[in-house]
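S.K.: model this:
(chains A, B, C, D and E)
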Amino acid sequence: MRICKVVGHVWATKKEDSLVGLKLMVVNEMDASGRFKEDLFVAADVVGAGVGEQVLVVGGSTARIAAGGNELPVDCAIVGIIDTIEVEREKERKAQ
Amino acid sequence: MRICKVVGHVWATKKEDSLVGLKLMVVNEMDASGRFKEDLFVAADVVGAGVGEQVLVVGGSTARIAAGGNELPVDCAIVGIIDTIEVEREKERKAQ
Amino acid sequence: MRICKVVGHVWATKKEDSLVGLKLMVVNEMDASGRFKEDLFVAADVVGAGVGEQVLVVGGSTARIAAGGNELPVDCAIVGIIDTIEVEREKERKAQ
Amino acid sequence: MRICKVVGHVWATKKEDSLVGLKLMVVNEMDASGRFKEDLFVAADVVGAGVGEQVLVVGGSTARIAAGGNELPVDCAIVGIIDTIEVEREKERKAQ
Amino acid sequence: MRICKVVGHVWATKKEDSLVGLKLMVVNEMDASGRFKEDLFVAADVVGAGVGEQVLVVGGSTARIAAGGNELPVDCAIVGIIDTIEVEREKERKAQ
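M.R.: Take a look at the predicted model:
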């Protein structure tokens, strides 16, 4: 899963029938330094996330399962709202 | 899903039989700053998108489902035409 | 699908049995400016593409389907030979 | 599989029901020079990894299988704790 | 498939049971100029590759199939040992 922040909404009137009723949020991935990456994704939300919250996002076929059905045309989904992240990280380190 | 703009068409006479009849559009992904990324994709369109429109694009196995069948040789598909995007975004922010 | 150019061949005598008989081509993806990207891929060709031709390439599980069977150890396949690409593209544009 | 180091934990009270009980760790991929990459991932851990350990991480649909079930909303999982890595590598080399 | 060179081995005593008996090799992808990329992968080897050899590597769900079973927690596998690569490539070229 990727660590993202919910940054907005997207509306699409004309879309695949099976997308109707799904809540679509715009999410922005954060890197190891807590900075936003340049990529934006649109994710189906099934946990009731709101703008400004940090969330766990899954991609690929897993997103269909998370969004509620293998036949959904969804490849990105929010599966959890993050309460706390604890990260220890040395900036540079020799392998093995 | 990725946020793309439809930028063109592609024609291929010689192709897999199951691609015949699918409308193939060239899409260009946009980053968080609204700039075009350097990657171009060719996506199957099932929602009637036109050049210049902002669209939602799915990839991977999800694209086959979106395009109408698990046996289609498609890994990119347009699933919605975007009416509005609302994004709130601070440029840089410490991860907690 | 990605827009690639066929740039060569690859030969592998020692390989998975199910790869025997598949024609493997080296493809090079092109970006939105028509430049070659640094990534090379080896793709199974089922449409009779030749070196120098622009082709449509699929990846992931879709490549297995394109190559002729879900049990093939293939994750990249050529599914069409491009006749024409028409692209309209403004270099930079504010997201709305 | 990717070579990562476990760098932390993440807690999410509000999440998909099927994620309950899964141990989620934050992992940081390492590149060929042993440096941390900027990407962070959250991975389900089924081998009992601890912070500071080097681990093997799988992604995509493989992560669901590794985490214990095809219906889990997981796209990243730790499948092994690395004892030793032996790498021979010339920095630059002409392709033949 | 990606063009990689086998650069080493990895040992993991504590791992998913289904990984036991699989030979895991460290591979390093090469770009179009024959240079090593910064990404390292750990791949299951089923063709008897050795350190220093150029190999074809598959990813994703295809790697499970290549490694011998859809239930294996493997997302990267060596499927062929490269004898020869022939590549014609102009450095820069306008897209038509």
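S.K.: doesn't residue A:62 fall inside a strand?
M.R.: No: when classified by DSSP: H, G, I helix; E, B strand; the rest coil, residue A:62 is found to be helix rather than part of a strand.
S.K.: which non-adjacent residue is nearest it?
M.R.: residue D:75 (4.1 Å; C-beta to C-beta, 6 or more residues apart in numbering or on different chains). The C-beta positions use only the backbone N, C-alpha and C, and glycine is treated the same way.
S.K.: residues contacting the one you found?
M.R.: A:1, A:58, A:59, A:60, A:62, A:63, D:59, D:60, D:61, D:63, D:64 (C-beta atoms under 8 Å, 6 or more residues apart in numbering or on different chains).
S.K.: Pick out whichever of these sits closest to chain B.
M.R.: Each of the contacts of residue D:75 was scored against chain B by C-beta to the nearest C-beta, and residue A:60 proved nearest at 5.3 Å.
S.K.: and that closest one, how many neighbours?
M.R.: For residue A:60, the neighbour count with other C-beta atoms under 10 Å in any protein chain shown is 25.
S.K.: again, but for the one 3 residues further on
M.R.: The tally of other residues near residue A:63 (other C-beta under 10 Å) stands at 26.
S.K.: Check the gap between it and residue D:75 for me.
M.R.: Taking C-beta to C-beta, to the nearest Å as the measure, residue A:63 falls 8 Å from residue D:75.
S.K.: Point to the residue nearest the middle of chain A.
M.R.: When C-alpha atoms, centre = their mean is applied to chain A, the residue found nearest the centroid is residue A:57 (3.1 Å).
S.K.: thought that residue was touching residue A:77?
M.R.: Yes: counting by C-beta atoms under 8 Å, residue A:57 does reach residue A:77; the two are 7.0 Å apart.
S.K.: so what's in contact with these two at the same time?
M.R.: With C-beta under 8 Å, 6+ apart, residue A:57 and residue A:77 have common neighbours residue A:43.
S.K.: sorry, back to before: quick check: the two most widely separated of the contacts of residue D:75?
M.R.: A:1 and D:61 (14.0 Å; C-beta to C-beta).
S.K.: more crowded one of these two?
M.R.: Ranked by neighbour count (other C-beta under 10 Å), residue A:1 and residue D:61 place residue A:1 first, with 30 against 24.
S.K.: For residue D:39, see how far away that one is.
M.R.: 12 Å.
S.K.: Ok, residue A:69 next?
M.R.: Taken as C-beta to C-beta, the span from residue A:69 to residue D:39 is 29 Å.
S.K.: Show me which of the two is the more surrounded one.
M.R.: residue D:39 (17 against 10).
S.K.: Quick one: residues contacting residue A:66.
M.R.: Residue A:66 touches A:44, A:46, A:58, A:77, A:79, D:16, D:73, counting by C-beta under 8 Å, 6+ apart.
S.K.: same deal with residue A:46?
M.R.: A:23, A:66, A:67, A:68, A:77, A:78, A:79, D:16.
S.K.: ok, the residue nearest to residue A:4 when sequence neighbours are not counted to residue D:68 distance?
M.R.: Of all residues not flanking residue A:4 in the chain, residue A:27 sits nearest, at 3.9 Å (C-beta to C-beta, 6+ apart). Residue A:27 sits 26 Å away from residue D:68, going by C-beta to C-beta.
S.K.: cool, and residue A:79?
M.R.: In terms of C-beta to C-beta, residue A:79 sits 16 Å off from residue D:68.
S.K.: for residue A:63, same thing?
M.R.: Going from residue A:63 to residue D:68 by C-beta to C-beta gives 19 Å.
S.K.: picking up where we left off before, go ahead and list the helix or strand containing the residue nearest to residue A:4.
M.R.: Assigned by DSSP states H and E, residue A:27 falls within strand A:24-30.
S.K.: Quickly run through the sheet partners of that strand, with directions.
M.R.: strand A:2-11 (antiparallel), strand A:36-45 (antiparallel) (DSSP bridges).
S.K.: now these as CSV including mean pLDDT?
M.R.: Shown next, in CSV, are these (pLDDT from 0 to 100):
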stretch, mean pLDDT
strand A:2-11, 96
strand A:36-45, 93
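S.K.: can you tell which of those strands is closest to residue C:88?
M.R.: When the strands paired with strand A:24-30 are compared (using C-beta to C-beta), the closest one is strand A:36-45, at 22.2 Å.
S.K.: ok, and for the closest one, which residues are buried?
M.R.: A:36, A:39, A:40, A:41, A:42, A:43, A:44, A:45 (16 or more other C-beta atoms under 10 Å in any protein chain shown).
S.K.: The last one touches residue A:10, doesn't it?
M.R.: Same thing as residue A:45. No: applying C-beta under 8 Å, one finds residue A:45 not in contact with residue A:10, separated by 11.2 Å.
S.K.: Show me the common contact partners of these two, please.
M.R.: By C-beta under 8 Å, 6+ apart, the residues touching both residue A:45 and residue A:10 are A:24, A:25.
S.K.: In chain A, what residue lies closest to chain B?
M.R.: For chain A, C-beta to the nearest C-beta, closest residue to chain B: residue A:34, 2.8 Å.
S.K.: For that residue, grab the count of nearby residues.
M.R.: Neighbours of residue A:34 (other C-beta under 10 Å): 15.
S.K.: out of the contacts of residue A:46, which are inside helices?
M.R.: A:66, A:67 (DSSP state H).
S.K.: Quick check: of the contacts of residue A:46, which lies closest to residue E:86?
M.R.: Nearest member of the contacts of residue A:46 to residue E:86, counting by C-beta to C-beta, is residue A:77, at 43.1 Å.
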